[in-house]
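Q: sequence-free structure coming up:
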């Protein structure tokens, strides 16, 4: 008997077995019946003579009918759940050969890397692809992987084996829908396509055009998961600011730790939208780990690399005589010394300033009247060799003298002081400052008077207020000159204490003194690393083959693995950090079957939890869903008829 | 000699507004009353009465031979002389006082409604000078007042109607058999009941009375809630008399019950009419002053 049951029902599987959790719903009618049972209301009546016969016969009839109705409702709900669960019965016969070829596409994007029921989604996808290949047998389907694009892995067993040999997914998805449309258009012989993916929204955009005679089967592995990850990081000279995803709910407790190899440098706990962890300057590269284990632990790591920068002294020329009061040099020294990379040296003596200038990479002049002809000449030579000169006029400055002494150095012609009240200002698109400065940083700027500047055509306007240029810059030889229209003290304006000015000033110094001479050290997976000629790159002790860059001057190589890469060569040494792209791949929500069917019109959709058991059912199983739906409809009709009869 | 005082009227069921409407009403029996003298009712016995009874105002239709011209000469109003044997219609009011009569879906119970009808009829009969007996019945004859036509008799009957409360079961047929032994002469018997009893037995009794040349009138009192079962689902109906219980779903039995009640009422009416009895059905309402006079008129009481 048992053998008979096994042979009869052993092949029964459910394509969407999660719907079986709704089976208890079938007990709902009985539950409602029990809960809604009311105690009869006592009603004193003149005589029950006329009720007796009628009531007795009706009650018995009613009980029988209501039990029948209850059974019908229970059975109807049972078959409805069965319809959604997709019962499938595998028959012994083999899958009928397709009239054309078949192709299997496995998603190899980063989101497939997440753990799910003891394995990663990528492993599930490989197993599913293997099962498909096995089930199709001699048809030898073509096996592809897709992320940013398609990659042919082989045919049949060979293709399936190639999937298992691939590295774990790290790339970002491209627009698969569009690519598949083109592929099917170009390969008309392919009549059956299997897409194995987690169907996260980032991978699929736009509708896929499927030829009428082609059959598309969407096989989903995994399910929606909540993910916690490092969204982005900001690397500064002494600390790294981490922006976690704070998912879900926008709030979370988390711990950050900074590592250099196996050495833990620092650890903090935080709960805010961002947290800064201090990493001493001597640790040039390493990783930040976010302690919040979830389904995708790889994205809780951020690799960083910083250049080795020597501290630089910035000479500041101030007006001679008098104590160092709150003049321009005072404010600038305070700003400069906020950075661990710079120190300020206020100098009143012109000749001493000239001496200091030789070793400096940047210099600031807050008293242009002190510039002699010889110093002007020295400044020209120094800037042409790569120095950054920052000029601030002061109360005693003569526009005429500045124009005469530094005509070729200045970004424009400077005019005598103009008294005009200006409130607020904006920071223009400064190449080295990125998007860090906006109008809000200069919102509280208040100007009483200034030296108007008419910029040269090749000059760059940096800060503007009331239509006037407050700061401008121009290249001179290898170096650059920045001119402010306002003194660096509080005589004409409150510029030194406006929120945007100190960071802008330091950022400018950092860029011109260090950054523009350094190679880029932080990349994302999928980007090409550019290096100067003669440099070599290795990852985990294995040298990475690099080729001539697109411009023919440098070298470049696309990177696929996150981590720290070693760079060596003439003039370049250090490490390059490669991180996973923190884009939509970290969004581990998945599309609903309706959304998937919208993207793939006419496609069949299946959830794969156990590829070994389910693929055979998808390809060879007899789907009993339609039968379950038919029975449900019949029971529904019977229920309506019986309920009508009872309530009539 | 000590002066005997007549009993005081305590009935609240004799409604002035109804009296005002029915004061000119007389019962037109379909059979000839068996009186001993000529009067307002036709009699099989011929002859004149000589025993003066009372005066009453002349009404249209009165025999002008009975006008008292001396009284007219004194007060210029027509009065008719009444004689002892003229009031020769005997009546017997039978009021069903069983527990089922106590049912009320509204403000007024069937029994109160029946009491108003009985009080009104008692007044009407006595006012016309006819003699009237009264009996309250349930499982037997609970109260019996022998025929009388004086005002004192009326007051006693009205007080009895007001004071007797409903109780007990119903065996109207048995009670009527008992009453049959007391009613010797031809009498108009008026039964006021909800008829929720052995209707076959009643019909048998009625047939017997009719055979004995009595007139019979059934005034059937029903409540609107008796026609329809209460809506709302499951009810345990308790019989007001036997305390028997039956549980049914009113939603499912409503139509069947409605049909059965209708069959019962129409069957009763047909049976009674077939055996020569009068029948009229009253439905308890909140406006008895309008409906009772009209009902009595339809039942056969007519304005003279």
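A: Great, that's in hand. Owing to the predicted nature of the structure, the values given are computational and were not obtained by experimental measurement.

Q: can you mark which positions in stretch B:215-230 are buried?
A: B:215, B:216, B:217, B:218, B:219, B:220, B:221, B:222, B:223, B:225, B:226, B:229 (16 or more other C-beta atoms under 10 Å in any protein chain shown). C-beta: built from backbone N, CA, C; applies to glycine.

Q: and the fifth one, that's in a helix?
A: The one in question is residue B:219. No - assessed by DSSP: H, G, I helix; E, B strand; the rest coil, residue B:219 does not belong to a helix; its assignment is strand.

Q: any idea how far the nearest residue to it once chain neighbours are set aside lies from chain A?
A: Sequence neighbours aside, residue B:192 is the residue nearest to residue B:219 in space, at 4.6 Å (criterion: C-beta to C-beta, 6 or more residues apart in numbering or on different chains). The gap separating residue B:192 from chain A is 15 Å, by C-beta to the nearest C-beta, to the nearest Å.

Q: and the stretch 151-300 of chain B, which of its residues are near chain A?
A: By C-beta under 8 Å from any C-beta of the partner chain, the residues of the stretch 151-300 of chain B that approach chain A are B:194, B:196, B:223, B:226, B:229-230, B:232-241, B:244-249, B:251-253, B:256-257, B:260-261, B:264.

Q: now the residues you listed: which count as buried?
A: Taking 16+ other C-beta under 10 Å as the criterion, what is buried in those is B:194, B:196, B:223, B:226, B:229, B:234-237, B:239-241, B:246, B:248-249, B:251-253, B:256-257, B:260-261.

Q: from the residues of the stretch 151-300 of chain B next to chain A, which land in helices?
A: The helices, defined by DSSP state H, take in B:226, B:251, B:252, B:253, B:256, B:257, B:260, B:261, B:264 from those.

Q: tally of neighbours for residue A:463?
A: The tally of other residues near residue A:463 (other C-beta atoms under 10 Å in any protein chain shown) stands at 26.

Q: same question, residue A:477
A: So residue A:477, with other C-beta under 10 Å, has 13 neighbours.

Q: give me every residue that touches the nearest residue to it once chain neighbours are set aside.
A: The shortest distance from residue A:477 to any non-neighbouring residue, by C-beta to C-beta, 6+ apart, is to residue A:384 (3.0 Å). Applying C-beta atoms under 8 Å, 6 or more residues apart in numbering or on different chains to residue A:384 gives the contacts A:476, A:477, A:478, A:479.

Q: so of these, which ones are in helices?
A: The helices, defined by DSSP H, take in nothing from those.

Q: reformat those into JSON lines and put pLDDT next to each item.
A: Below are those laid out as JSON lines (pLDDT from 0 to 100):
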{"residue": "A:476", "pLDDT": "93"}
{"residue": "A:477", "pLDDT": "92"}
{"residue": "A:478", "pLDDT": "91"}
{"residue": "A:479", "pLDDT": "93"}
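
Q: sort out which of those residues are buried, if you could.
A: Buried among the contacts of residue A:384 (16+ other C-beta under 10 Å): A:476, A:479.

Q: by proximity to chain A, which residue of the stretch 101-250 of chain B wins?
A: As assessed by C-beta to the nearest C-beta, chain A sits closest to residue B:248 within the stretch 101-250 of chain B, at 3.5 Å.

Q: how near is residue A:434 to residue A:237?
A: Distance, residue A:434 to residue A:237, by C-beta to C-beta, to the nearest Å: 16 Å.

Q: higher neighbour count, the two?
A: Comparing residue A:434 with residue A:237 by other C-beta under 10 Å, the one with more neighbours is residue A:237, at 15 against 10.

Q: Provide a list of residues in contact with that one.
A: The contact partners of residue A:237, taken as C-beta under 8 Å, 6+ apart, are A:281, A:306, A:309, A:339, A:340, A:341.

Q: equivalent analysis for residue A:174, please.
A: Shown in contact with residue A:174 (C-beta under 8 Å, 6+ apart): A:146, A:147, A:148, A:149, A:203.

Q: hang on, the earlier thing: now, the most widely separated pair of the contacts of residue A:237?
A: Between any two of those, the greatest separation by C-beta to C-beta is 13.9 Å, found for A:306 and A:339.

Q: give me the neighbour count for residue A:526.
A: Residue A:526 has 18 nearby residues by other C-beta under 10 Å.

Q: go ahead and confirm residue A:394 touches residue A:491.
A: Yes - when contacts are counted by C-beta atoms under 8 Å, residue A:394 is listed as touching residue A:491 (7.4 Å).

Q: out of the two, which sits in the busier spot?
A: Comparing residue A:394 with residue A:491 by neighbour count (other C-beta under 10 Å), the higher total belongs to residue A:394, at 22 against 14.

Q: where's the residue nearest to that one when sequence neighbours are not counted relative to chain B, distance?
A: Distances taken as C-beta to C-beta, 6+ apart place residue A:487 nearest to residue A:394, at 4.7 Å, with adjacent residues excluded. To chain B, residue A:487 is 92 Å away according to C-beta to the nearest C-beta.

Q: ok, back up a step: save the buried residues of stretch B:215-230 as CSV, and put in pLDDT too.
A: CSV is the format used below for the buried residues of stretch B:215-230 (pLDDT from 0 to 100):
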residue, pLDDT
B:215, 86
B:216, 89
B:217, 89
B:218, 90
B:219, 91
B:220, 92
B:221, 93
B:222, 92
B:223, 92
B:225, 88
B:226, 87
B:229, 84
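
Q: between those, which is nearest residue A:639?
A: residue B:229 (26.7 Å).

Q: phi, psi of the closest one?
A: Dihedral angles of residue B:229 (phi, psi; degrees, to the nearest 10) stand at phi -80, psi 150.

Q: what about the strands in chain B?
A: Using DSSP state E, the strands of chain B run over residues B:25-27, B:52-57, B:79-83, B:90-96, B:131-137, B:141-148, B:187-193, B:215-222, B:234-239, B:245-249, B:278-283, B:301-303.

Q: that older thread, ok, of the contacts of residue A:174, which come out buried?
A: Buried among those by 16+ other C-beta under 10 Å: A:146, A:147, A:203.

Q: in this structure the last one contacts residue A:176, no?
A: So that's residue A:203. Yes - with contacts counted by C-beta under 8 Å, residue A:203 reaches residue A:176, the gap being 5.4 Å.

Q: in a strand, residue A:557, correct?
A: Yes - the assignment for residue A:557 (three-state DSSP) places it in a strand.

Q: hang on, it packs against residue A:539?
A: No - applying C-beta under 8 Å as the test, residue A:557 and residue A:539 come out as separate, 10.0 Å apart.
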